[in-house]
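Q: mind looking at a prediction? Sequence and model below.
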Amino acid sequence: MSAQTPIGGSAELLRVTDLVKHFRSPRAARRRGQAIVHALCSASFSVGPAETLGIVGESGSGKTTLLRTILGLQQPTSGQVLFLGQDVSQRKGATARALQQEISVVFQDPYTSLDPRMTVADLLAEPMRIHRLPVDGARARTLLDQVRLPATSLRKFPHEFSGGQRQRIAIARALALNPKLIVLDEPVSALDVSVQAEVLTLLKELQRERQVSYLFVAHDLAVVADISHRVGVMYGGQLVELGPTKQVIGEPAHPYTRELLAAVPVPDPRIERAKPRMLQRRWPTETDGLPPCPHGDAL
Ligand SMILES: Nc1ncnc2c1ncn2[C@@H]1O[C@H](COP(=O)(O)OP(=O)(O)OP(=O)(O)O)[C@@H](O)[C@H]1O
């Protein structure tokens with residue numbers, strides 16, 4: 001694991017304050033008396049320019065809910081998301097479109113996130129067309145060059161590429177509008193370990209070249225620690241730990257972070273690491289040291 005040295009300044013790009021998202025429970029859970037799913041309980045953090053904030057957590061810990069709320073795809077139950085000082089949930093029409101230009105997204109699965117009927121040239125031009133910007137062939141070639149793919153890729157279709165190359169195309173597409181922040185939702189989980197390392201290296205190089213910020217979400221602590229300046233640990237909808245990567249890895253304060261660390265695979269196959277016990281449980285209990293969701297049961 002090698003944590004990045006911060007290269008960003010101190011001004012804030014993204015500020016998330018006391019963000020809460022509740023859902024109505026599925027019918028079976030309601031019958032058992034659980035009316036509300038506390039998907040996200042009072043998360044607060046910021047992301048600075050050219051900074052990578054990594055969020056790590058098991059399946060169901062609230063990572064997708066956090067990202068969807070930040071992207072304005074769902075309204076928070078309470079709390080606020082400010083991007084460059086403006087409330088994301090209040091943006092409408094032209095200001096909402098401007099936000100889409102400033103924040104872009106890379107999803108987990110490059111096999112489904114790229115339309116198989118479109119050539120790479122069309123895939124790279126699409127964001128510019130949507131935002132009514134001049135579509136420029138030279139720009140597409142530059143984007144490909146930045147993700148280390150040859151210009152001959154422009155005429156090809158997604159199925160002609162490997163998984164890692166497809167994720168490079170998805171990253172080029174995310175860069176097309178010169179965003180200030182890229183939200184990466186499990187961007188290397190579908191890739192082999194050696195390809196994962198190549199994509200993480202590319203993302204770090206792009207950040208140095210373009211001063212872009214990343215909000216990087218994954219379930220794998222080793223991956224998150226490799227790319228992030230700071231790491232937040234999510235458990236049962238709560239951000240249980242947040243700090244510089246070296247501190248979170250070197251002196252984990254929360255028992256769940258310690259369990260995640262103990263589960264990180266080591267290169268020597270003779271050494272078997274413990275599987276985190278907490279990963280087996282869906283919701284935190286009092287013994288995990290978590291307070292109940294502090295915002296009650298509003299929907
Ligand atoms: N629309 C919804 N209605 C009801 N419950 C929901 C809804 N969306 C998410 N949840 C619940 O909220 C909790 C957090 O889900 P979320 O998808 O944010 O977790 P996650 O960490 O992204 O998991 P994964 O990695 O599996 O996607 C889960 O218990 C999930 O079942």
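A: Yep, that arrived. These numbers come from a predicted model, not from an experiment.
Q: do a quick rundown of the strands in the stretch 1-150 of the chain.
A: Assigned strands in the stretch 1-150 of the chain, in chain order: 14-24, 36-47, 52-57, 78-83, 86-87, 103-106 (criterion: DSSP state E, counting those that start in this stretch).
Q: mind listing the strands the fourth one pairs with, and their directions?
A: It refers to strand 78-83. strand 14-24 (antiparallel), strand 86-87 (antiparallel) (DSSP bridges).
Q: tell me which of those strands sits most buried.
A: Of the strands paired with strand 78-83, the one with the most neighbours on average (mean count of other Cβ atoms under 10 Å) is strand 14-24, at a mean of 19. Where C-beta positions appear, they are placed from N, C-alpha and C, glycine not excepted.
Q: re earlier: of the strands paired with strand 78-83, give the one that comes closest to the ligand.
A: Smallest distance to the ligand across those (Cβ to the nearest ligand atom): 3.3 Å, for strand 14-24.
Q: which residue, neighbours along the chain excluded, lies closest to residue 215?
A: Leaving aside its chain neighbours, residue 215 sits nearest to residue 183 (4.8 Å; criterion: Cβ to Cβ, 6 or more residues apart in numbering).
Q: ok, how many other residues are close to that neighbour?
A: Residue 183 is flanked by 24 other residues according to other Cβ atoms under 10 Å.
Q: try residue 116
A: If we define neighbours as other Cβ under 10 Å, then residue 116 has 9 of them.
Q: wait, it sits on residue 161?
A: No - taking Cβ atoms under 8 Å as the definition, residue 116 is not a contact partner of residue 161, at 11.1 Å.
Q: which residues of the protein score low on pLDDT?
A: 1-10, 91, 93-94, 265-299 (pLDDT under 70).
Q: repeat that for 50
A: 1, 5-10, 271-289 (pLDDT under 50).
Q: residue numbers of it in contact with the ligand?
A: 23, 37, 39, 57, 59-65 (Cβ under 6 Å from any ligand atom).
Q: now the two most distant members of those.
A: Checked with Cβ to Cβ, the residues of the chain next to the ligand reach their widest spread between 23 and 57, with 17.0 Å between them.
Q: the most far-flung residue of the chain relative to its centre and the ligand, how far apart?
A: In the chain, counting by Cα atoms, centre = their mean, residue 31 sits farthest out from the average C-alpha position, at 33.6 Å. Distance of residue 31 to the ligand, computed by Cβ to the nearest ligand atom, to the nearest Å: 15 Å.
Q: from residue 15, how far off is that residue?
A: 39 Å (Cβ to Cβ, to the nearest Å).
Q: cool, residue 73 as well?
A: Residue 73 sits 18 Å away from residue 15, going by Cβ to Cβ.
Q: equivalent analysis for residue 223, please.
A: Distance from residue 223 to residue 15, by Cβ to Cβ: 25 Å.
Q: what's the answer for residue 194, then?
A: The spacing between residue 194 and residue 15, counted by Cβ to Cβ, is 37 Å.
Q: before we move on, what about residue 36?
A: 26 Å.
Q: got it, and residue 249?
A: 25 Å.
Q: what of residue 144?
A: Per Cβ to Cβ, residue 144 is found 34 Å from residue 15.
Q: same question for residue 135.
A: 34 Å.
Q: just the buried ones among the residues of the chain next to the ligand, please.
A: Neighbour-count burial (16 or more other Cβ atoms under 10 Å) applied to these gives 37, 39, 57, 60-65.
Q: tell me which of those residues is nearest to residue 166?
A: Closest to residue 166, out of all of these and judged by Cβ to Cβ, is residue 64, at 21.1 Å.
Q: quick one: contacts for the spatially closest residue to residue 47 that is not a sequence neighbour?
A: Nearest in space to residue 47, with sequence neighbours left out and distances taken as Cβ to Cβ, 6+ apart, is residue 14 at 4.2 Å. By Cβ atoms under 8 Å, 6 or more residues apart in numbering, residue 14 lies in contact with 46-47, 70, 81-83, 181, 213, 215.
Q: picking up where we left off before, tell me which element the residue nearest to residue 215 is part of?
A: Per DSSP states H and E, residue 183 falls inside strand 181-185.
Q: now the helices: where do they sit in the stretch 151-299 of the chain?
A: Secondary structure of the stretch 151-299 of the chain by DSSP state H, counting those that start in this stretch: the helices cover 163-175, 193-210, 221-227, 245-250, 255-262.
Q: just put those in JSON lines and tack on mean neighbour count and distance to residue 235.
A: Supplementary listing: those in JSON lines, determined by neighbours: other Cβ atoms under 10 Å; distance: least, Cβ to Cβ, whole Å:
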{"stretch": "helix 163-175", "mean neighbour count": "22", "distance to residue 235": "27"}
{"stretch": "helix 193-210", "mean neighbour count": "16", "distance to residue 235": "24"}
{"stretch": "helix 221-227", "mean neighbour count": "23", "distance to residue 235": "12"}
{"stretch": "helix 245-250", "mean neighbour count": "19", "distance to residue 235": "13"}
{"stretch": "helix 255-262", "mean neighbour count": "20", "distance to residue 235": "5"}
